[in-house]
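Colleague: output the structure for:
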Amino acid sequence: MNPADLKSILADKRLFSLEQLNEKIRLDSFSCRIEEYNDYLFREAVRSQKDQMALTWLLRERSTGSIAS
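Modeller: Alright, predicted model coming up:
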């Protein structure tokens, strides 16, 4: 897939939604090949938000509810 096609897919609001991370969101649908991303999301992201150090948004696939990014 070329970058223009990927950008078009991500911009299509019918396919994805943005959701701010909070401690109630189930993250079990997220898995990344980059282990540091998994570690941050599962172990650090909520704490960083509570400490007002970071704000994490999730890209969620509307049809499945899976976290894409």
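Colleague: please report how far Phe42 lies from Asp51.
Modeller: 17 Å (CB to CB, to the nearest Å). All C-beta spots, glycine's among them, are computed from the backbone N, C-alpha and C.
Colleague: these two: which is more packed in?
Modeller: Phe42 (12 against 9; other CB atoms under 10 Å).
Colleague: give me the number of residues near the closest residue to that one other than its chain neighbours?
Modeller: Distance criterion CB to CB, 6 or more residues apart in numbering; nearest residue to Phe42, sequence neighbours excluded, is Leu27 at 6.2 Å. A count of neighbours around Leu27, defined by other CB under 10 Å, yields 14.
Colleague: and for Ser31?
Modeller: 12.
Colleague: my guess is the residue nearest to Phe42 meets Gly65, correct?
Modeller: No. Taking contacts as CB atoms under 8 Å, Leu27 lies outside contact range of Gly65: 11.8 Å.
Colleague: can you dump the C-alpha atoms of the one helix or strand Ser48 maps to in CSV for me?
Modeller: Using DSSP states H and E, Ser48 sits in helix 45-50. C-alpha atoms of helix 45-50 as CSV (Å, rounded to 0.1, in the frame of the first residue of the first chain):
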residue,chain,number,x,y,z
ALA,A,45,0.6,5.7,29.5
VAL,A,46,-2.1,6.0,32.1
ARG,A,47,0.3,7.0,34.8
SER,A,48,1.9,9.6,32.5
GLN,A,49,-1.5,11.1,31.9
LYS,A,50,-2.4,11.2,35.6
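Colleague: now do stretch 55-69: distance to the chain's middle.
Modeller: The chain centre lies 5 Å from the centre of stretch 55-69; the measure is CA atoms, centre = their mean, to the nearest Å.
Colleague: start the count at 108, not 1, going forward
Modeller: Renumbered: residue one is now 108, and that last one reads stretch 162-176.
Colleague: mind checking the end-to-end distance for that stretch?
Modeller: This stretch, stretch 162-176, spans 14 Å end to end (CA to CA, to the nearest Å).
Colleague: return the set of buried residues in that stretch.
Modeller: Under the neighbour-count criterion of 16 or more other CB atoms under 10 Å, stretch 162-176 has Thr163, Leu165, Arg167, Ile174 buried.
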